[in-house]
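Undergrad: The sequence isn't on hand, but the structure is:
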């Protein structure tokens with residue numbers, strides 16, 4: 001009597017069963033998979049957040065499919081301050097980026113059609129696509145000092161007998177930390193336009209790019225991370241017609257402001273004006289069917305975006321400190337290697353492949369009370385990689401890292 005969109009039942013794996021057992025027995029687990037910034041000991045301005053919501057007028061309900069104009073204007077101004085302007089009329093609000101994907105898959109693809117998603121990447125796209133009756137096909141990221149899009153493979157995938165309806169780009173990617181470079185953006189748009197595919201650029205981590213010149217950072221004009229929303233795109237008075245890829249750039253309070261509890265995200269539409277106009281009209285119809293975004297959060301958007309500046313600064317300090325500690329701890333003499341990255345909330349540790357990734361993470365949890373993600377969780381093409389969240393407190397991160405390296409050295 002149930003749909004076949006998702007496989008069910010979904011059995012728990014050995015790692016999750018061991019973790020449940022550890023926690024049931026009260027073990028102190030050093031969790032380097034944590035991705036929730038509200039649970040890592042950062043100071044949150046709770047009074048300011050509460051005041052913003054109280055001032056917003058929680059009793060009011062203003063159903064607006066695209067989102068309240070004042071909230072879209074706040075998002076527009078927030079982007080403009082970052083050199084990526086977007087006119088309010090090209091912005092649509094959603095409750096989350098997951099919902100934004102759901103809306104866009106409904107907009108762009110009919111049941112049975114497919115979208116291209118990166119591999120390695122966070123294992124959410126298969127579920128989001130399946131729930132919309134759409135297939136997710138992979139295009140590869142290659143590693144050569146940095147992860148980057150395999151543009152030749154992407155072009156071949158777009159030239160297949162059944163071209164994709166959309167190309168998903170996570171910029172910077174989770175967990176590889178790889179961002180679209182200035183030398184890649186134009187080629188990516190050319191490939192999408194030739195295939196008649198839209199680009200969905202998930203830029204929730206874009207405010208967490210590593211500082212230029214930092215240890216392990218790339219240099220040179222062709223190795224500069226760029227948004228898929230270039231300067232001047234989507235601004236008033238910048239009419240464009242003719243060819244070119246239709247682009248949807250995603251952002252939200254969850255990552256950019258470290259406020260996942262506020263449930264406000266957005267889609268910025270860019271490209272030729274005629275296509276942008278039709279896309280916005282169709283998206284508005286989809287959004288009007290659900291009206292999922294909370295009115296108080298929209299009314300408080302300008303205050304929440306300002307509050308997020310403080311939270312984001314604290315997150316950046318935490319990420320930088322833990323990444324620096326990781327790089328110094330591994331060093332040149334270690335058998336491990338910290339892979340190059342452009343930004344994000346994770347780091348990847350390549351370790352000697354003396355055990356399978358599954359056995360390695362099970363050993364770390366069973367014997368050292370350290371929880372990490374194995375590379376296969378994100379569809380890495382080979383072993384052996386450990387994915388470490390850089391969000392945890394510095395003392396706990398340092399202790400967990402010490403245990404990881406000691407375990408590997410004992411091999």
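TA: On my side now, so go ahead. As the structure is a computational prediction, the values presented were derived from the model and not from experiment.

Undergrad: So residue 211, which state does it fall into?
TA: coil (DSSP: H, G, I helix; E, B strand; the rest coil).

Undergrad: Over to residue 118?
TA: strand.

Undergrad: Could I get the contacting residues of the nearest residue to it once chain neighbours are set aside?
TA: Computed as C-beta to C-beta, 6 or more residues apart in numbering, the closest residue to residue 118 that is not its neighbour in sequence is residue 141, at 5.5 Å. In short, each C-beta sits where N, CA and C put it, glycine included. Residues in contact with residue 141 (C-beta atoms under 8 Å, 6 or more residues apart in numbering) are 118, 119, 120, 121, 147, 148, 149, 150, 173, 176, 178.

Undergrad: Likewise for residue 311?
TA: Remark: with contacts taken as C-beta under 8 Å, 6+ apart, residue 311 is in contact with 37, 42, 44, 45, 257, 258, 259.

Undergrad: Would you mind measuring from the first one to residue 78?
TA: The reference is to residue 37. Note on residue 37: its distance to residue 78, by C-beta to C-beta, to the nearest Å, is 18 Å.

Undergrad: cool, and the fourth one?
TA: With distances taken as C-beta to C-beta, residue 45 is found 17 Å from residue 78.

Undergrad: Cross the contacts of residue 141 against strands and list the overlap.
TA: Applying DSSP state E to the contacts of residue 141, the entries found in strands are 118, 119, 147, 148, 149.

Undergrad: Take those and write them to TSV, including pLDDT.
TA: Rendered in TSV, the data for the ones in strands among the contacts of residue 141 read as follows (pLDDT from 0 to 100):
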residue	pLDDT
118	98
119	97
147	94
148	95
149	97
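
Undergrad: ok, of those residues, which come out buried?
TA: By the neighbour-count criterion of 16 or more other C-beta atoms under 10 Å, these include these buried positions: 118, 119, 147, 148, 149.

Undergrad: So what pairs up with the third one in the strands?
TA: On the basis of DSSP bridges, residue 147 takes part in beta bridges with residue 143.

Undergrad: Report the contact partners of it.
TA: By C-beta under 8 Å, 6+ apart, the residues touching residue 147 are 120, 141, 173, 176, 177, 178, 339, 340, 341.

Undergrad: Just give me the closest of the residues you listed to residue 404.
TA: The shortest gap between residue 404 and any of the contacts of residue 147 belongs to residue 339, at 15.1 Å (C-beta to C-beta).

Undergrad: What is the neighbour count of residue 21?
TA: Using other C-beta atoms under 10 Å, residue 21 has 12 neighbouring residues.

Undergrad: For it, give its distance to residue 9.
TA: Here residue 21 is placed at a distance of 20 Å from residue 9 (C-beta to C-beta).
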